[in-house]
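Peer 1: Predicted model and sequence below, questions to follow.
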Amino acid sequence: MGKDGYLPLFETKIAKGRILFRCYAASVFVGIIFICVYRVVHFPPASTQVLRRWAWMGLFLSELWFSFYWFVTQFVRWNLVYRYTFKDRLSQRYEKVFPDIDIFVCTADPRIEPPIMVINTVLSVMAYNYPSHKLSVYLSDDGGSDLTFYALLEASRFSKHWLPFCRKFSIEPRSPAAYFSTSPEPHDSNPLMAQEWFSIKQMYEDMRNRIETTTSLGRISEEIKKEHKGFLEWNSVSTRHDHQSILQMVIDGRDPKAVDSEGQPLPTLVYLSREKRPQYHHNFKAGAMNALIRVSSKISNGSIILNVDCDMCSNNSESVRDALCFFMDEEKGHEIAYVQFPQCYYNLTRNDLYGTCFRVINEVELAALDANGGPCYIGSGCFHRRQTLCGMKYSKGCETEWKRENERKTRENASVLEESCKVLASCTYEENTQWGKEMGLKYDCAVEDMITGFSIQCRGWKSMYFNPERQGFLGVAPTTLLQSLGQHKRWSEGQFQIFLSMYNPFIYGHKKIPLKLQFSYSPYFLWAPNCMATLYYVAVPSLSVVGGIALFPEIWSLWVLPFAYVIIAKYAYSLGEFLWFDGTIQGWWNDQRVWLFKRTTSYFFAFLDTILKLLGLAENTFVVTAKVSDEDVSRRYEQEVMEFGCPSPMFTIISTLAMLNLFSFVSCVKRVVVDIQIKALESLALQIILCGVLVLINLPVYQGLFFRKDKGAMPTSVTYKSIALALLACSIALY
Ligand SMILES: O=c1ccn([C@@H]2O[C@H](COP(=O)(O)OP(=O)(O)O[C@H]3O[C@H](CO)[C@@H](O)[C@H](O)[C@H]3O)[C@@H](O)[C@H]2O)c(=O)[nH]1
Ligand SMILES: [Mn+2]
């Protein structure tokens with residue numbers, strides 16, 4: 001109970017059972033100390049073995065890096081908190097004075113983000129269990145596509161039937177595609193529902209067919225063009241990189257005629273494609289969001305903004321109310337800037353081949369960030385207080401009066417409003433303003449979300465992490481290895497860039513956020529530099545086996561113990577944690593493999609590109625992740641067969657490392673079996689084991705290189721290149 005007998009709207013529980021974790025962490029720490037002692041005491045003497053000395057030094061440095069990184073990640077996990085909301089109390093106290101909510105959906109390219117998927121997201125958020133006249137949904141289309149506009153128009157019509165249906169039968173989830181693909185056909189025992197179910201389903205299928213036919217045609221027919229004045233805008237669009245602002249209020253919620261089939265008001269629905277000109281940088285998603293912030297401030301000015309990516313549909317119609325439990329809590333609400341939900345995906349397979357399901361991040365790491373001062377903003381599924389997004393600093397006593405917030409709506413009619421808002425979405429509007437710097441989402445960073453959230457926290461605000469039983473949002477996970485690696489390259493690059501910029505958590509965050517939070521950001525911001533230590537560890541010990549250079553204690557020495565303990569304890573704990581959160585053993589193994597791939601490729605290229613950018617030799621890019629794949633690729637994804645397919649430098653690195661370890665391993669086996677040199681191998685035992693594990697984890701790579709004939713196999717050019725490179729490396733190691 002809060003002060004004065006007030007019941008809070010949310011509660012916080014500290015995770016129990018951290019004893020086991022703390023014992024584990026402390027014991028591994030001791031193990032690490034022993035390893036360091038071993039490395040120092042057994043440092044090869046200067047006079048002999050120059051090569052071994054260097055290899056040893058590198059290995060020691062890598063181990064120091066891993067230890068430091070491990071130490072920080074464990075330290076910030078010391079406490080975890082979980083939040084629970086009381087929606088009934090919220091409803092009792094505030095149902096009549098709920099604030100307006102603006103929902104931003106971003107899309108960028110109709111070819112890789114199909115309009116039918118986009119409008120399913122739009123429909124799912126229009127159907128929140130929340131007073132419709134207080135909801136406004138904005139679709140930002142950076143693809144500037146009339147196909148997307150057409151789909152939105154169709155969605156606006158369909159919503160008139162969909163919203164009452166959702167309300168009447170309290171269905172979940174409220175994205176029609178997700179609902180009809182997961183809910184069983186209704187029974188005859190409920191004839192009323194059955195009848196409506198089938199007719200709505202039919203209506204949805206018809207709409208989907210129309211949209212998909214038009215999308216595959218690639219252009220809008222003359223007939224359709226007559227249906228809405230909005231299509232005229234495209235007469236003056238030359239390309240998607242060069243056009244005026246297009247703004248259409250597809251549903252004007254203030255209009256008394258904007259009602260659904262039961263006469264209830266509909267949410268406002270707005271289409272925006274901000275102006276694009278080749279000579280102006282558009283700043284990717286951050287630019288789109290900032291245009292939306294301005295335009296929406298003129299139209300609906302909701303005091304809470306929800307941001308979702310176009311593939312992240314709502315999976316829980318209560319999420320808005322959940323978020324409000326935080327913002328409207330009488331005691332703590334006024335200091336909360338944003339409420340972040342986890343990013344989850346609906347297209348994951350059982351063993352999650354590409355390790356995309358952030359199991360441990362969602363269940364543990366974000367809860368730890370929350371305990372240390374607040375989670376980061378991760379782009380999608382996040383509710384913001386409008387003022388904080390616009391740069392406001394936190395100050396005590398600036399409590400929001402929710403009742404007054406709603407009285408600021410404009411009365412201008414839709415077409416006047418459309419015209420006057422276009423200016424706000426023009427290229428020149430931001431010139432000589434603080435947009436992208438102190439206002440709105442920040443520019444010049446590939447992870448605009450992280451840096452924006454961080455700077456909001458540095459302005460004194462708190463944030464909350466909320467991970468409800470029924471997931472709030474579900475998106476589309478990448479379905480090929482290359483997409484997944486590309487996504488991680490963008491993330492790790494952006495994060496490392498922040499670390500090296502003035503926004504370094506320890507410098508910029510100094511005295512602004514708790515030290516623990518500064519530390520909590522570091523493991524993410526330091527993803528990229530992991531590549532160096534990892535590359536070293538997977539290549540040098542194996543090559544040293546070929547050259548007969550021992551870098552670890554002999555198998556019968558007591559010094560093996562700390563190595564064995566640290567490795568076994570670390571991996572056993574990580575496996576246990578993974579299984580605890582509903583993972584599978586195979587899934588964990590896949591996760592380890594992807595961990596390796598990311599560190600040797602995504603992070604490596606991110607590291608290089610960050611350095612190039614610092615030197616002014618490269619520019620920021622944003623490669624949008626594809627949300628569709630052709631049938632063949634999807635089938636292999638379903639069957640959990642790794643997708644290579646096209647030549648890429650990333651694959652060359654992966655295959656070369658795999659081949660190199662294979663060669664080393666084969667050379668050991670040969671020595672044991674053919675030359676019977678068992679004794680000589682005692683000093684190399686740990687390296688051979690490491691090499692063997694690397695071979696095991698790379699099995700799908702060998703399959704892709706040599707045994708598969710399908711289109712997802714490794715391209716032959718990569719095969720030849722990697723064999724040549726690995727042979728070269730091994731022969732250098734031999735001499
Ligand atoms: O110029 C652009 C580029 C992208 N987007 C949109 O941004 C979203 C995220 O793009 P996606 O390719 O799906 O990136 P992800 O890696 O899946 O996204 C995560 O990481 C991004 C930062 O790297 C954040 O912006 C996202 O919110 C977060 O979900 C999508 O809705 C895009 O349509 C734009 O609106 N304009
Ligand atoms: Mn995405």
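Peer 2: Arrived safely. Ligands and ions are numbered 1, 2, ... in the order given.

Peer 1: going forward, measure contacts and count neighbours with C-alpha atoms only.
Peer 2: Fine.

Peer 1: tell me the pLDDT at the nearest residue to F563 once chain neighbours are set aside?
Peer 2: Excluding the flanking residues, the one nearest F563 by Cα to Cα, 6 or more residues apart in numbering is I35, at 6.6 Å. pLDDT for I35: 97.

Peer 1: cool, R404 as well?
Peer 2: 60.

Peer 1: so where is the stretch 1-150 of the chain shaky, pLDDT-wise?
Peer 2: Applying pLDDT under 70 to the stretch 1-150 of the chain picks out residues 1-4.

Peer 1: hang on, the earlier thing: assign a three-state SS to the residue nearest to F563, would you?
Peer 2: helix (DSSP: H, G, I helix; E, B strand; the rest coil).

Peer 1: right, and it touches P562 too?
Peer 2: Yes. Applying Cα atoms under 8 Å, one finds I35 in contact with P562, separated by 6.1 Å.

Peer 1: The two - which one has more neighbours?
Peer 2: Neighbour count, other Cα atoms under 10 Å: between I35 and P562, I35 has more, with 22 against 19.

Peer 1: Quick one: residues contacting that one.
Peer 2: Contact partners of I35, counting by Cα atoms under 8 Å, 6 or more residues apart in numbering, are 559, 562-563.

Peer 1: Distance of it relative to ligand 1?
Peer 2: 37 Å (Cα to the nearest ligand atom, to the nearest Å).

Peer 1: One more: F86?
Peer 2: Taken as Cα to the nearest ligand atom, the span from F86 to ligand 1 is 28 Å.

Peer 1: Just give the closest residue to that residue, not the sequence neighbours.
Peer 2: Counting by Cα to Cα, 6+ apart, L9 is the residue found nearest to F86 once chain neighbours are left out, at 5.2 Å.

Peer 1: Run a quick neighbour tally on that neighbour.
Peer 2: Neighbour count for L9, taken as other Cα under 10 Å: 26.

Peer 1: Next SSE downstream of the least confident helix or strand in the chain by mean pLDDT?
Peer 2: Across the helices and strands of the chain, mean confidence by mean pLDDT, DSSP states H and E is lowest for helix 402-405: a mean of 63. The helix or strand immediately downstream of helix 402-405 is helix 414-422, counting by DSSP states H and E.

Peer 1: Angles on the backbone of the residue of the stretch 101-250 of the chain found nearest ligand 1, please.
Peer 2: Using Cα to the nearest ligand atom, the closest approach of the stretch 101-250 of the chain to ligand 1 is made by T107 at 3.1 Å. Main-chain dihedrals, T107, degrees, to the nearest 10: phi -130, psi 160.

Peer 1: A446 now?
Peer 2: With angles defined as degrees, to the nearest 10, A446 sits at phi -70, psi -20.

Peer 1: quick one, what contacts it?
Peer 2: Counting by Cα under 8 Å, 6+ apart, the residues that A446 touches are 490-491, 493-495, 620-622.

Peer 1: Show the buried residues in those.
Peer 2: 490-491, 493-495, 620 (16 or more other Cα atoms under 10 Å).

Peer 1: mind listing what the closest residue to F473 other than its chain neighbours touches?
Peer 2: For F473, ignoring the flanking residues on the chain, the nearest one in space by Cα to Cα, 6+ apart is S314 at 4.5 Å. When contacts are counted by Cα under 8 Å, 6+ apart, S314 touches 121, 124-125, 173-175, 472-474.

Peer 1: ok, L7 - how many residues close by?
Peer 2: 15.

Peer 1: residues contacting whichever residue of the stretch 401-550 of the chain sits closest to ligand 1?
Peer 2: Proximity of the stretch 401-550 of the chain to ligand 1 (Cα to the nearest ligand atom) peaks at V447, 4.3 Å away. Contact analysis of V447 by Cα under 8 Å, 6+ apart lists 490-491, 494-495.

Peer 1: ok, now with 10 Å
Peer 2: Going by Cα atoms under 10 Å, 6 or more residues apart in numbering, V447 touches 285-286, 377-379, 490-498, 622.

Peer 1: now swap in G440 and tell me
Peer 2: 286-287, 289-294, 386-392, 434, 452.

Peer 1: and what of V633?
Peer 2: By Cα under 10 Å, 6+ apart, the contact set of V633 is 479-480, 639, 641-645, 711-712.

Peer 1: Which members of those residues are the farthest-apart pair?
Peer 2: Q639 and G645 (15.8 Å; Cα to Cα).

Peer 1: Which one of those two is surrounded by more residues?
Peer 2: For Q639 versus G645, the count of surrounding residues by other Cα under 10 Å is larger for G645: 19 against 13.

Peer 1: Starting from ligand 1, give me the distance back to that one.
Peer 2: According to Cα to the nearest ligand atom, G645 stands 21 Å off from ligand 1.

Peer 1: Get me the contact residues on this protein for ligand 1.
Peer 2: Taking Cα under 6 Å from any ligand atom as the contact definition, the chain meets ligand 1 at 106-108, 142, 284-285, 288, 309-310, 378-380, 446-447, 449, 487, 490-491, 624-625.

Peer 1: Ends of stretch 621-634, what's the gap?
Peer 2: This stretch, stretch 621-634, spans 27 Å end to end (Cα to Cα, to the nearest Å).

Peer 1: isn't K285 right up against G379?
Peer 2: Yes. Using Cα atoms under 10 Å, K285 is in contact with G379, at 9.5 Å.

Peer 1: count of residues packed around the residue in the stretch 351-500 of the chain that ligand 1 sits nearest to?
Peer 2: Closest approach of the stretch 351-500 of the chain to ligand 1 (Cα to the nearest ligand atom) occurs at G379, with a separation of 3.2 Å. By other Cα under 10 Å, the residues close to G379 number 20.

Peer 1: Quick one: residues contacting it.
Peer 2: G379 sits next to 285-286, 307-309, 340-341, 343, 447-450, 452-453 when contact means Cα under 10 Å, 6+ apart.

Peer 1: Same check on E275?
Peer 2: E275 is in contact with 142, 144, 240-247, 282, 288, 291, 422-428, counting by Cα under 10 Å, 6+ apart.
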